[in-house]
Structures are given as C-alpha cells and as structure tokens.
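Q: for reference, the sequence and a predicted model appear below.
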Amino acid sequence: MKVFLEWITLGLGRWLLRPVLRLSLRYVDIEDPWEPTDRPVRFWAMGAGSVKRFSWYFEGESTVDVASVDELCDWLLGCEQVRDPDLFHEADYWQHPATFEQLRKGDCEDFALWAWRKLIEMGIDARFFTGRRVDVPEGSWHAWVVFRKDGLEYLLESIAPSREEMVRPLDEVRSRYVPHFSVGKDFRPQAYEGYLLYLKEGGLSGGDSAPPTIG
C-alpha cells in the first residue's frame, strides 16, 4: 500500500487517481514526518521553481570563500531576504548560487541552496530540504539545510537573523519542521512521510497538482 501511495503522489498518476488517493490516505498511519520513504522523487516535485537538475547548482566557480560553518553564517547574515515576485517578477525562481553571490538577495531556497553547496564544498555531509515550517502561514512551503558534523546533526535555518538562531541541533528544532523532500550530494531527491501527511491533511483538496511555491 505504501509503495503504491508514493507512486501516485509523486508520479504522473497523481492527478488521475486523486479521488482514490484521498480515500486511501485516510487509512495511512504516519508516525514520523521525518521518516524517509523508499522511492526517489523527480527534481521538479520539490517546488514550482525547481526547473533544473540539482547538479546544475554546483556548476561554475564560486566567488565566495568560506572555510567554516561560522564563516558561512556570517556571509549569509549580510544578505537581504527578498521575495521572488519583487526581485524577479516570478512566483518562484530558484537562483543559481553564483547569481545569489552577485545579488546577495533572494528568498529561503536561494539562501539554502547556496549554503548547501558551500557545506558540500567544505566536505560536510549536507542535504537541502523543502517542506513546511509550523510557524509559517499555511499554504507556503519553506527551504532549509540539515548537515552532519562531528557525529551530530544540525538544522541550518539560512534566513535566520542571527548566527545563534541559524544553526541549531536537529533534535531541538525538528518538531518545528515538516520535511517533504530533500536532496544530498548524490543529487537524488528523497521523499518523506511529511509529504504524505500534507496530502492526508488536505494537500489534494485544490484542483491544481503543480508543485507549490517555496518561500
């Protein structure tokens, strides 16, 4: 049942089987939104602005040198958070990290994509996430990064206003976040039970099955 649900929620069959899926999800018990599912995801499912394969965000040279997580946070704190409609006149536009380095403006996924790339370049195991934050208005998705260092996992909230709020142990803040998808250094997106929870709670109630806007 679970594999079947994942296929129709994450594949092209979702819009065809919407009534069946809505009924089936009533009987699915989701215990942990952070639990990965066992099927891969297409890159375009992660958000309306996700129109490039994730290897693309690692192409080209970076003009910013950071040698530590602290330096990464300090650089991000000098950037300005601006919504895509105001900056690019588009509902959801995912910048290449090189563009973000030039503008130093963007929304949550631009900050997070840049941080994800820099962590990987520093040899730190990191994943870029899209999903929801419980304190963000319903209907909007968010982007963040989770990385592992010295055997511990941390959540990097790249748009936080201070270094202390930017990097927190994952165990302390995981209840504030509901992951839908993530991608690591292998560039293969992964789905989470948080996405099934989103669908179960009414994510299929609208008529549009396109990926939502991030930010």
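A: Yep, that arrived.
Q: give the bridge partners for residue 126, please.
A: When bridges are called by DSSP bridges, residue 126 pairs up with residue 147.
Q: that one touches residue 116, doesn't it?
A: Yes: using C-beta atoms under 8 Å, residue 126 is in contact with residue 116, at 5.4 Å. From N, CA and C alone the C-beta is placed, and that goes for glycine too.
Q: between those two, which has more neighbouring residues?
A: Each of residue 126 and residue 116 has its neighbours counted (other C-beta atoms under 10 Å); residue 116 has more, 31 against 23.
Q: what sits in contact with each of residue 126 and residue 116?
A: Common neighbours of residue 126 and residue 116, counting by C-beta atoms under 8 Å, 6 or more residues apart in numbering, are residue 145.
Q: now name the helix or strand holding the residue nearest the centre of the chain.
A: Using C-alpha atoms, centre = their mean, the residue of the chain that lies closest to the mean C-alpha position is residue 130, 1.9 Å off. In this structure, residue 130 sits in strand 125-133 according to DSSP states H and E.
Q: and the helices in the chain?
A: Applying DSSP state H to the chain gives helices spanning 2-10, 18-25, 69-77, 84-87, 97-103, 108-121, 163-166, 170-173, 193-198.
Q: residue 55: which of those helices is closest?
A: Shortest distance between residue 55 and the helices of the chain, using C-beta to C-beta, is found for helix 108-121: 10.8 Å.
Q: run through who's touching the closest one.
A: Contacts for helix 108-121 (C-beta under 8 Å, 6+ apart): 47, 49, 57-58, 62, 64, 66, 69, 72, 76, 79, 81, 94-95, 97, 100-101, 126-130, 142-145, 147, 156, 158-159, 185, 214-215.
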